[in-house]
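Engineer: Can you look at this prediction? I've put the sequence above it.
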Amino acid sequence: MIVLPMAFDFLIKTMPETVSAQYSVAIYFSLVIRMVLAFGCAFELPIFMCILSAAGIVNPKTYSKFRRYWIVLAFIIGALLTPPDALTQVMMTIPLLVFFEVGALGARILYKRRAHSV
């Protein structure tokens, strides 16, 4: 994973020199699990979007209307789920934006197939 080493490096570099690092396995695993779950959910976004459109629950045009809100929401999600540095936040936000677009494209394709088959 690319983000974890960068996040740990950032956290270590931002620690004041007067503070000594006391590493804990519990804290390490907590951060790793949180990061893996966050990025795992981001990778599932297009599948979720396609399933909703293939089932006829969400019209793909809704995704297009929601795009500008998703951009803001993706930055908020990136800020909440990653350590507090801009680079890690952007590395979470960019896949969210790309996967949203992939999901919207897949949703359009599956929605059209569903409409032609009915």
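Structural biologist: Happy to help now that I have it.
Engineer: elements contacting the longest helix anywhere in the chain?
Structural biologist: When the chain is parsed with DSSP state H, its longest helix is helix 86-117. Helix 86-117 is packed against helix 3-13, helix 25-54, helix 60-81, with contacts defined by 3 or more C-beta pairs under 8 Å, 6 or more residues apart in numbering; DSSP states H and E. From N, CA and C alone the C-beta is placed, and that goes for glycine too.
Engineer: can you put these in JSON lines and add mean pLDDT and distance to Ala104?
Structural biologist: Listed next are those as JSON lines, based on pLDDT from 0 to 100; distance: least, C-beta to C-beta, whole Å:
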{"stretch": "helix 3-13", "mean pLDDT": "77", "distance to Ala104": "24"}
{"stretch": "helix 25-54", "mean pLDDT": "85", "distance to Ala104": "7"}
{"stretch": "helix 60-81", "mean pLDDT": "92", "distance to Ala104": "4"}
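Engineer: In a markdown table, list those along with distance to Leu105.
Structural biologist: As requested, the helices and strands packed on helix 86-117 are exported to a markdown table (distance: least, C-beta to C-beta, whole Å):
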| stretch | distance to Leu105 |
| --- | --- |
| helix 3-13 | 25 |
| helix 25-54 | 8 |
| helix 60-81 | 9 |
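Engineer: Since that was my last question, I'll sign off now.
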